[in-house]
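# Pasting a predicted model and its sequence here:
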Amino acid sequence: MDKTLQEVKAAPVELLAQAPWVACLTPQQWQRAQRETLLTRRSAGEVVSAKGTPARHWIGVLEGMVKVDGLSADGRSTTLSGVPSGGWLGEGSMLKHERRPYEVVALQDSWLALMPSATFDWLCETSLGFNQFLVRQLNARLGQFLAVVESHRIQTTTSQVAVCLCELVNPALCTPVTGALRLSQEEIARLCGLSRQVTGRALHELEARGLVAMRYGGIEVLDVAGLQAAVRGSPGHAPAGAAA
DNA sequence: TCATTAAATTGTT
DNA sequence: AACAATTTAATGA
């Protein structure tokens, strides 16, 4: 029995219109982009784009959340990145016209926007603003991943978790905040590449510092700036001018 | 609306 | 990793 989901706050079309790159387009460009972009719903756990398949679409998360998984030959998987609502992903494969190196899976019931590669290429060729958006996004992601590497190598597990949480609330990569993120500690642990045990401990520490609030099956980020600071800072100490 | 049951998530060893 | 406790969701009176 299909459940009629009436919980949708805004229509998918309206969410697409609010995408950050839309404002850069001319009316004609927006008209074609809107006409050719497919809006589709995926249930939690559904594969959006399988690893190894040709990248035919640029993927926008209008509502819900998806993750990017790396799969090994023996079926083991690790989560490389989480993309909440407002985020766009897969442009790397689009730009290189290659097959998807990673698997994209819906973490929750989600509304997705799939922009065909032909449309994507056309916007790249005709819209300066669109290119600028891509550069900003790629730059933001690079910074994010560098933070992950840095944190993994020289910081505590707590700051590793903080980094991964920052990714989910980074205004440069997704819609500011939707209240509490529906993400279990087990899913957060996969995102961080840590055990559930260690992740849980780190989350409680962040909660004790007033940066996040834990919910059953979810987490609310209370202080984005504080989280970003926790990425570098050592717990307990707050070096005044040591932001280098 | 309330009680019961199942499933998911979290805490503990 | 396995088990126990807790919370939420679903079902039916």
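Structure's in. What do you need?
# where do the strands sit along chain A?
Taking DSSP state E, the strands of chain A run over residues A:38-42, A:47-49, A:57-63, A:65-71, A:77-84, A:88-89, A:103-106, A:110-116, A:180-181, A:212-215, A:218-221.
# ranking those by burial, who's on top?
strand A:57-63 (a mean of 24; mean count of other C-beta atoms under 10 Å). C-beta here means a position set from N, CA and C on the backbone, and glycine is covered the same way.
# Point out the residues in chain A that sit beside DNA strand B.
Counting by C-beta under 7 Å from any atom of the strand, chain A comes close to DNA strand B at A:184-186, A:196-197, A:200, A:204, A:214-218.
# and with 6 Å instead?
A:184-186, A:197, A:200, A:216-217 (C-beta under 6 Å from any atom of the strand).
# excluding its backbone neighbours, what's nearest residue A:118?
Leaving aside its sequence neighbours, residue A:118 sits nearest to residue A:36 (C-beta to C-beta, 6 or more residues apart in numbering; 7.6 Å).
# Show the pLDDT at that neighbour.
Residue-level confidence at residue A:36 comes out at 98, pLDDT.
# before we move on, the earlier item: any idea which of the residues of chain A next to DNA strand B is closest to residue A:15?
Nearest to residue A:15 among those, counting by C-beta to C-beta, is residue A:217 at 23.5 Å.
# mind listing what the closest one touches?
Contacts for residue A:217 (C-beta atoms under 8 Å, 6 or more residues apart in numbering) come out as A:182-184.
# Of the residues you listed, which is the most crowded?
residue A:183 (22 neighbours; other C-beta atoms under 10 Å).
# Kindly spell out which helices and strands sit in contact with the biggest helix by length in chain A.
Secondary structure of chain A per DSSP state H: the longest helix is helix A:128-154. When contacts are defined as 3 or more C-beta pairs under 8 Å, 6 or more residues apart in numbering; DSSP states H and E, helix A:128-154 packs onto helix A:91-96, helix A:117-126, helix A:157-169.
# For those, give me CSV that also has distance to DNA strand C, mean neighbour count and mean pLDDT.
CSV is the format used below for the helices and strands packed on helix A:128-154 (distance: least, C-beta to the nearest atom of the strand, whole Å; neighbours: other C-beta atoms under 10 Å; pLDDT from 0 to 100):
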stretch, distance to DNA strand C, mean neighbour count, mean pLDDT
helix A:91-96, 32, 17, 97
helix A:117-126, 37, 16, 98
helix A:157-169, 15, 24, 97
